[in-house]
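Trainee: Build me a model:
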Amino acid sequence: MRIARLPIPVAIAAVSLALGAQPAAAADPWAPGPVSTVGKLIWDAGGGRLGLCSGAVVEAPNGSVVATAAHCVRSQEAPEPPDEVWFVPGYDHGIDSYREDGWRVAAFHTPEGWDVTRATTEILPHDYAFLTVGEKEGRTLQEAHGANRLAFEPVEEGAEVAVLGYPAAGPYDGESLHHCAGLTDVLTEGEAQRPNLGGLMLEGCDLTAGSSGGPWVREWAADGQSGTVVAVMSVGSGEGMVVGRPFPDEARDLLATAGA
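Mentor: Residues are numbered from 1 along each chain as shown. Sure thing, here's the model as predicted:
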């Protein structure tokens, strides 16, 4: 039975405790380099720690929406979003300047089903979120960096997909964009336990903590800077298996709210 059981941790300080020994690296650096519509979420997690996730700019009327995982925004340990979160598009070795280079998140939008008072296994199908960021110097995020299309379920089986993110647990340092690639495989009855049904599964991929919320991208544009986001990184087994969470039809209303 194929199943990814463990959420990829959000806080970099929790990495060594949550993941233990790492398998051999299977996620490669993204050869073209930084992607302007894919970036890193960074916030002060307290105690000298930084919280890290990944995300992608998606098309919206206000030009200011980032798609990521809900567990990057709210969790049982931290039910309310951090006070100050920055999205850095095209991040590449910029930890010292993330506030200057980033776009501050102004609003967090998680689905009603992501109720962190309940067990993670009950809410995992709702592990997606949209963030609204503020403008900078009179420009929107989309005007400055472009945006990806966003596709809703159903997701086509057997289509080429690239999973991108900023893994920060060893053997990675979170400072550059990495990826795995394969064919979309939608988990059905008999392939996974109920929490992961409907998710997209990819084997042979060891993207670690920090890659949470990273986009699963198809149909790249000719310039390689955008494509179609069909899911966001949700959970990983720690043994080379990851699951992405697609966007159900009810996510349309959440995106509309974030993009108004």
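Trainee: wait, Glu156 sits on Thr184?
Mentor: Yes - counting by CB atoms under 8 Å, Glu156 does reach Thr184; the two are 6.3 Å apart. Using the backbone N, CA and C atoms, a C-beta is placed for each residue, glycine as well.
Trainee: So between these two, which is more surrounded?
Mentor: Thr184 (20 against 12; other CB atoms under 10 Å).
Trainee: can you tell me which residues contact that one?
Mentor: Val155, Glu156, Glu157, Gly158, Ala159, Glu160, Val161, Leu200, Trp216, Arg218, Val230 (CB atoms under 8 Å, 6 or more residues apart in numbering).
Trainee: Those into a markdown table, with extra columns for pLDDT, distance to Asp28 and secondary structure?
Mentor: What follows is the contacts of Thr184, written out as a markdown table (pLDDT from 0 to 100; distance: CB to CB, whole Å; DSSP: H, G, I helix; E, B strand; the rest coil):
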| residue | pLDDT | distance to Asp28 | secondary structure |
| --- | --- | --- | --- |
| Val155 | 93 | 23 | coil |
| Glu156 | 92 | 24 | coil |
| Glu157 | 91 | 24 | coil |
| Gly158 | 92 | 22 | coil |
| Ala159 | 93 | 20 | coil |
| Glu160 | 94 | 15 | strand |
| Val161 | 96 | 15 | strand |
| Leu200 | 95 | 19 | strand |
| Trp216 | 98 | 16 | strand |
| Arg218 | 96 | 18 | strand |
| Val230 | 98 | 20 | strand |
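Trainee: which of the residues you listed are buried?
Mentor: Buried members of those, counted by 16 or more other CB atoms under 10 Å: Val155, Val161, Leu200, Trp216, Arg218, Val230.
Trainee: Poorly predicted segments of the stretch 1-150 of the chain, please.
Mentor: Along the stretch 1-150 of the chain, the model assigns pLDDT under 70 to residues 1-26.
Trainee: residue boundaries of the helices in it?
Mentor: 15-19, 98-101, 120-123, 141-145 (DSSP state H, counting those that start in this stretch).
Trainee: hey, which of those helices is tucked in deepest?
Mentor: Most buried of the helices of the stretch 1-150 of the chain, by mean neighbour count (mean count of other CB atoms under 10 Å): helix 141-145, with a mean of 19.
Trainee: Does it pack against any helices or strands, and if so which?
Mentor: strand 49-58, strand 65-68, strand 85-89 (3 or more CB pairs under 8 Å, 6 or more residues apart in numbering; DSSP states H and E).
Trainee: how much distance is there from it to the middle of the chain?
Mentor: 19 Å (CA atoms, centre = their mean, to the nearest Å).
Trainee: Using CSV, list the CA coordinates for that helix.
Mentor: These are the backbone C-alpha positions of helix 141-145, laid out as CSV (Å, rounded to 0.1, in the frame of the first residue of the first chain):
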residue,chain,number,x,y,z
LEU,A,141,3.6,40.7,-7.5
GLN,A,142,2.2,39.5,-10.8
GLU,A,143,3.2,42.6,-12.7
ALA,A,144,6.8,42.4,-11.3
HIS,A,145,7.4,38.6,-11.6
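Trainee: Give me whichever of the helices and strands packed on helix 141-145 is most buried.
Mentor: strand 65-68 comes out most buried of the helices and strands packed on helix 141-145 by mean count of other CB under 10 Å, with a mean of 28.
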